[in-house]
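Novice: Could you work out the structure for the sequence below:
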Amino acid sequence: MRVVDIETWERRDHFRLFQSYSHPYFSICADVEVTRLVAECETTGESFFARFLYSVMKTINSIPEFRYRIRGDSVVLHDVVHPSFTVMTAEHLFRFVTTRYDADLNTFLLRVRQDIDVSKSKVDLSDAPGVDDLIYVSSLRWVSFTSVTHPYDAAHPDSFPRITWGKHRSSEGRRWIPVSVMAHHGLCDGEHAARFYELLQAEIR
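Specialist: Alright, predicted model coming up:
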C-alpha cells in the first residue's frame with residue numbers, strides 16, 4: 001500500500017470535484033457471457049459463485065483505479081484488495097464473509113469454502129474496523145436484473161467499489177449474467193469500469 005501524493009496525482013482535480021458531491025458514486029450494469037464457465041461448473045460440481053468471484057477479483061486487482069481508497073483527506077493505493085461478500089443463512093437472511101484473495105485459483109476456492117463455513121457461527125454484520133482493502137460483492141441469484149442500487153451511509157461515506165451479479169439466463173444457446181459495478185467517481189471513471197467488463201469477459205471466455 002502507498003499513500004498517494006494528491007498534489008501530483010493526475011486525478012487531483014477529479015477527486016476534489018467529486019469529493020464535494022453528496023453522492024459521488026456512479027454505477028453501470030452490463031451482461032457478461034458465462035457459457036463456458038457455467039458448463040465447466042456443471043461438469044466439475046464446482047461452485048459457480050466461488051469460481052465467478054475468483055474471476056471478478058482477479059480482474060479487479062489488475063485495475064489500479066479499483067484499489068484506491070479514501071482515508072479522510074488522503075488517498076491510498078492498495079497492492080491487493082479482497083472480497084467481502086454476502087451469503088444466505090438458513091433463516092433466509094444474509095451475512096458478510098471476507099476472504100483473502102489469492103491469485104492461485106485452488107487456494108482462493110479453498111479459502112472461500114472455509115470462510116463460508118466459519119461464517120455460519122457468526123452473528124454480526126460488520127467488517128473489521130479500519131479495514132479498507134475490500135471490494136463489496138453481492139449475488140442476486142434469483143433475478144436477472146438490468147440495474148441495481150446499493151444502500152450507503154450518507155453520514156459516513158466510503159469509497160468501496162461494489163460489484164453485484166444476478167441470475168444467469170439463456171439466449172440463443174449462450175448463457176449471460178448481469179454484472180453491476182458501482183464506484184466512487186473521484187477514484188474511478190467509466191473507462192475503468194469498461195475495462196473491468198472487457199478483462200472479466202476475456203478471463204472467463
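
Novice: Identify the residues contacting Leu53.
Specialist: 83, 85, 112, 137 (C-beta atoms under 8 Å, 6 or more residues apart in numbering). For the C-beta atoms, the positions are set from N, CA and C on the backbone; glycine is no exception.

Novice: out of these, who has the most neighbours?
Specialist: Tallying neighbours with other C-beta atoms under 10 Å puts Phe85 at the head of these, with 27 neighbours.

Novice: ok now do it, which residues does it touch?
Specialist: By C-beta under 8 Å, 6+ apart, the contact set of Phe85 is 53, 96-99, 136-139.

Novice: Same check on Phe94?
Specialist: Contacts for Phe94 (C-beta under 8 Å, 6+ apart) come out as 86-88.

Novice: Quick one, which of those are buried?
Specialist: Using 16 or more other C-beta atoms under 10 Å as the burial test, the contacts of Phe94 include 86-87 as buried.

Novice: List just the nearest of the contacts of Phe94 to Pro151.
Specialist: Distances from Pro151 to the contacts of Phe94, taken as C-beta to C-beta, are shortest for Thr86 (12.5 Å).

Novice: Low-confidence bits of the chain, can you list those?
Specialist: Within the chain, the segments meeting pLDDT under 70 span 121-128.

Novice: so where's the longest strand in it?
Specialist: Identified as the longest strand of the chain according to DSSP state E is strand 174-184.

Novice: which is the next helix or strand following that one?
Specialist: helix 190-204 (DSSP states H and E).

Novice: List of residues touching that following helix?
Specialist: Residues beyond helix 190-204 that count as contacts (C-beta under 8 Å, 6+ apart) turn out to be 26, 28, 30, 32-34, 36-37, 52, 55-56, 58-60, 62-63, 65-66, 179, 181, 183.

Novice: Which ones among those residues map onto strands?
Specialist: With strands identified by DSSP E, the entries of those that belong to them are 26, 28, 30, 32-33, 179, 181, 183.

Novice: Would you format the residues you listed as a markdown table with distance to Val4 and neighbour count included?
Specialist: A markdown table is the format used below for the ones in strands among the contacts of helix 190-204 (distance: C-beta to C-beta, whole Å; neighbours: other C-beta atoms under 10 Å):
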| residue | distance to Val4 | neighbour count |
| --- | --- | --- |
| Phe26 | 20 | 15 |
| Ile28 | 24 | 15 |
| Ala30 | 29 | 16 |
| Val32 | 30 | 22 |
| Glu33 | 35 | 16 |
| Val179 | 28 | 22 |
| Val181 | 22 | 24 |
| Ala183 | 16 | 26 |
